[in-house]
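Colleague: prediction below, plus the sequence it came from.
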Amino acid sequence: MDSSEQRLEPVTVAPEAVHDMERKGAGHVELREQGRPDPNSDFVELPPDVKKRLMWKVDLRTIPMLVSLYLLAFLDRSNIANAKIEGMLEDLHMAGNQYNVALSLFFVTYIIFEVPSNAVLEKYFAFRPSWWIGGLTMAWGVMMTLHGVVNNYGGLLAVRLVMGALEAGFFPGAVLLLNKWYTKFELSARLAIFYAGAAIAGAFSGLLAYALVKMDGLAGVAGWRWIFIIEGIVTVAVGVLVPFLLADTPEKHCSWLTEDEQRYLTARLVSQDGGQHVHSKGRNFSWAVFWSVIGDWQLYVMAVVAWSESIPGYGLKFTMPQIIKNMGYTSSNAQLMTIPPYFCGAISAYVFGRLSDRFKRRSYFLVIPLVCQIVAYSILAALSTSIKHHIGACFFAVILAAVGSYPLTPGNATWMSNNLAGPSKRAIGLAYLFTLNNCGSVGGSYIYQSSEAPSYPTGFGCSLAFSVAGIGAVIVLDVVYARINKEKERLTEEEVRDMYTDEDLAKMGDRSPLFKYTL
């Protein structure tokens, strides 16, 4: 049997082992097992400096590539907003709400394929996620390039539909991959850095579009077409590198770790899941797991939190260049002026993610960004009819909206991940949450109607309403989770284990009396 397939138990680290780690250097962690501990005992953590070195190695093999891929995914998804103000609508003879239809069709196939994609990933690529993610990246990069060669509205709809199906597996797959490496209170900051790729993409898209439209007429190709062609080619090239640079799992296919480092990284996740039996049992996909996800109440309340970001956020992202242009800027300058909001959004995502992990509390760091959104959309709704006369206040509101928006998705995904037990349920549950989330994205693509420019009462009004609803949903989750945890505390662990076998507890997942919800 391969060593990576052997049963992994929590590892106790003795002082002499730590001395060995320090003496060996070279970035490797060497563990010496001091006998087999009781399977129900708490996991013994590494000394902070040793753990920091090891997690830095893991970070370097996961975070940079995932950030780069999400930057490209979001760039490829949202650059249509940049192409819009550079002549795409006129060249493709689009009018009315056809632009909104093109935006929403992307999310139709995106929604349909999110859950199946994560099911395929967990069942067939559980130990080789880099192959799956790399393949998807190359495929959607090809579709992005084809955006630049379509000659009519129908062609644009076709490539948007196919690209939505291909991108569907990336975000839930990436979140699932991070869950294979990090414990619950390491996850939020990493997810925030990962999701900040979207904000960086937003800033970069304006800058890149500004440069690429200067190619207008080169080889007889319009500037807006070069936006799609160049960005698509770059995406394909990066996709080729993914299987070689992105880490797979700590259990297999990671020659850059020692066997002892693999054991430690796997054992701590086993311990977090409640032991090897629970960890292994929860990895088996079944229709029972699927239906348990569909019937789980928390996903639907969490979906309201997700909509408080996706509806305002996607609406704003796809309309931001136009909103800024309405302030009196030229098309090119409007592209550049989208950079500050996205830059501030990236910083906000990271700061709130770090604070959430540090204080081990999720709800607080969702409510604060939602308050930012409420203030932002209140300002925009009040001043939008005279936006050219209140440029400073309105531009500040756009920045504040981005500051509120970007921490929400990583915070929400982390909270959901923390409160779903078992790898298989977590995989399907996260994908289902993102499916519900993107139902909101479809709605968000319609709330800013060209006929309502520049005041956009529907867009700003809906964004304000869903931000308020999001706060209500966070409060409901926090109160109900706390109540359930209190009820579970009535039984001691000894009493629970007298009542249930390990297999029973594994089947119960997050309904197990031993499972405590993260607040």
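Modeller: Good, I have the coordinates.

Colleague: ok, Ile374 touching Ser467?
Modeller: Yes - judged on CB atoms under 8 Å, Ile374 makes contact with Ser467 at a distance of 4.8 Å. Using the backbone N, CA and C atoms, a C-beta is placed for each residue, glycine as well.

Colleague: tell me who's in contact with Met163.
Modeller: Met163 makes contact with Asp76, Arg77, Phe106, Trp140, Met143, Met144, His147 under the criterion CB atoms under 8 Å, 6 or more residues apart in numbering.

Colleague: likewise for Ala203?
Modeller: Contacts of Ala203 by CB under 8 Å, 6+ apart are Thr338, Ile339, Pro340, Tyr342, Phe343, Ala346.

Colleague: so the fifth one sits against Ala196, correct?
Modeller: No - proximity of Phe343 to Ala196 does not meet the contact threshold set by CB under 8 Å, at 9.9 Å.

Colleague: show the average pLDDT along the strand or helix carrying Asp260.
Modeller: If you go by DSSP states H and E, Asp260 is part of helix 259-273. Helix 259-273 shows a mean pLDDT of 84.

Colleague: thinking again about what came up before, look at Phe343 and Ala196 and report which has more neighbours.
Modeller: Ala196 (25 against 18; other CB atoms under 10 Å).

Colleague: contacting residues around that one?
Modeller: Val67, Gly345, Ala346, Ala349, Tyr350, Tyr406.

Colleague: likewise for Leu477?
Modeller: Taking CB under 8 Å, 6+ apart, we find Leu477 in contact with Gln298, Val301, Met302, Val305, Ser363, Trp415.

Colleague: tell me which element Phe171 falls in.
Modeller: Here Phe171 is assigned to helix 170-179, by DSSP H and E.

Colleague: for Val50, same thing?
Modeller: Assigned by DSSP H and E, Val50 falls in helix 48-83.

Colleague: between that helix and helix 259-273, how many degrees?
Modeller: With axes from the mean of the first three to the mean of the last three CA atoms, to 10 degrees defining the directions, helix 48-83 sits at 80 degrees from helix 259-273.

Colleague: buried set for helix 48-83?
Modeller: Under the neighbour-count criterion of 16 or more other CB atoms under 10 Å, helix 48-83 has 50, 53-55, 57-59, 61-63, 65-83 buried.

Colleague: flag the shaky bits of the stretch 201-350 of the chain, pLDDT-wise.
Modeller: 273-285 (pLDDT under 70).

Colleague: rerun at 90
Modeller: 201-214, 216-217, 251-255, 258-264, 266-290, 314-322, 325, 328-336, 338-339 (pLDDT under 90).

Colleague: Ala247 and Ala349: what is the separation?
Modeller: 22 Å (CB to CB, to the nearest Å).

Colleague: which one of these two is surrounded by more residues?
Modeller: Legend: neighbour count by other CB under 10 Å for Ala247 and Ala349, higher for Ala349 (30 against 23).

Colleague: pull out the buried residues from the helix or strand hosting that one.
Modeller: Element membership for Ala349, per DSSP H and E: helix 339-359. Residues 339, 341-346, 348-350, 352-353, 355-357 are the ones in helix 339-359 that count as buried (16+ other CB under 10 Å).

Colleague: and if you look at stretch 142-160?
Modeller: Buried residues in stretch 142-160, counted by 16+ other CB under 10 Å: 142-148, 150, 153, 156-157, 159-160.

Colleague: tell me the mean pLDDT over that stretch?
Modeller: 96.

Colleague: could you give the number of residues near His93?
Modeller: His93 is flanked by 10 other residues according to other CB under 10 Å.

Colleague: how far does stretch 50-69 sit from the chain's center?
Modeller: Stretch 50-69 sits 16 Å away from the centroid of its parent chain (CA atoms, centre = their mean, to the nearest Å).

Colleague: still on that earlier bit, closest one to His390 out of the contacts of Leu477, please.
Modeller: Distance to His390, by CB to CB, is smallest for Val305 among the contacts of Leu477, at 30.7 Å.

Colleague: give me the element the closest one is part of.
Modeller: Under the criterion of DSSP H and E, Val305 resides in helix 297-325.

Colleague: which strands and helices lie in contact with that helix?
Modeller: With contacts defined as 3 or more CB pairs under 8 Å, 6 or more residues apart in numbering; DSSP states H and E, helix 297-325 has these neighbours: helix 48-83, helix 184-212, helix 331-337, helix 364-383, helix 391-405, helix 408-418, helix 423-444, helix 457-488.

Colleague: please repeat the previous calculation with a cut-off of 7 Å.
Modeller: helix 48-83, helix 331-337, helix 364-383, helix 391-405, helix 408-418, helix 423-444, helix 457-488 (3 or more CB pairs under 7 Å, 6 or more residues apart in numbering; DSSP states H and E).

Colleague: just the ones you listed: most buried one?
Modeller: Per residue and on average, the most neighbours among these fall to helix 408-418, with a mean of 27 (mean count of other CB atoms under 10 Å).

Colleague: can you check what angle separates that helix from helix 364-383?
Modeller: Using the same axes, to 10 degrees: helix 408-418 against helix 364-383 is 150 degrees.

Colleague: so that it lines up with my notes, have the first residue be 10 from now on.
Modeller: Sounds good: first residue 10 from here, last item helix 417-427.

Colleague: and the contacts of helix 417-427?
Modeller: 184, 188, 193, 196-197, 200-201, 204, 311, 314-315, 317-318, 358, 361-362, 365, 371, 374-375, 378, 435, 438-439, 442, 527 (CB atoms under 7 Å, 6 or more residues apart in numbering).

Colleague: what's the spacing between it and its chain's center?
Modeller: Worked out by CA atoms, centre = their mean, helix 417-427 lies 8 Å from the chain centre.

Colleague: who touches the nearest residue to Leu274 once chain neighbours are set aside in this structure?
Modeller: Leaving aside its sequence neighbours, Leu274 sits nearest to Pro259 (CB to CB, 6 or more residues apart in numbering; 3.8 Å). Applying CB under 7 Å, 6+ apart, we find Pro259 in contact with Lys189, Trp190, Leu266, Gln271, Leu274, Thr275.

Colleague: could you report the neighbour count for the last one?
Modeller: The local packing of Thr275 (other CB under 10 Å) involves 21 other residues.
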